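Chemist: structure for this input, please:
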Amino acid sequence: MPMDAREIERMIVEALPDAKVAIRDLAGDGDHYAATVLSHAFKGKTRVAQHQMVYGALQGRMGGVLHALALTTGVPQD
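Modeler: Modelled structure (predicted):
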């Protein structure tokens, strides 16, 4: 069963409460998404570490329930 974009966003915000999350369904199938995640928690972390934090927030659903998630991460400029 595919994952809903709202569920992905909820899980990310639970793990990174200050995160600004924008999600797009790339194929219209609920299985292939692109997400932009901005959080102050990423400050000083490598891009790989930032992505690992987001994948960790998804609690093992990557590669299973959620087939593909193209990530763009960064620190907000506010």
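
Chemist: tell me the predicted confidence for the residue lying closest to M62 once chain neighbours are set aside.
Modeler: Nearest residue to M62, sequence neighbours excluded (CB to CB, 6 or more residues apart in numbering): Y55, at 5.4 Å. (Each C-beta comes from the backbone N, C-alpha and C, glycine too.) With respect to pLDDT, Y55 has a value of 91.

Chemist: how close does Y55 sit to T73?
Modeler: 11 Å (CB to CB, to the nearest Å).

Chemist: okay, those two: which has more neighbours?
Modeler: Counted by other CB atoms under 10 Å, Y55 and T73 do not tie: T73 has more neighbours, with 21 against 16.

Chemist: which SS state does the residue nearest to M62 fall under?
Modeler: helix (DSSP: H, G, I helix; E, B strand; the rest coil).

Chemist: from S39, how far off is it?
Modeler: 14 Å.

Chemist: repeat for E14
Modeler: 12 Å.

Chemist: so for those two, which sits in the more crowded spot?
Modeler: The residue with more neighbours, out of E14 and S39, is S39; 23 against 11, by other CB under 10 Å.

Chemist: please name the residues that touch the more buried one.
Modeler: By CB atoms under 8 Å, 6 or more residues apart in numbering, the residues touching S39 are L16, D18, A19, K20, T73, V75, P76.
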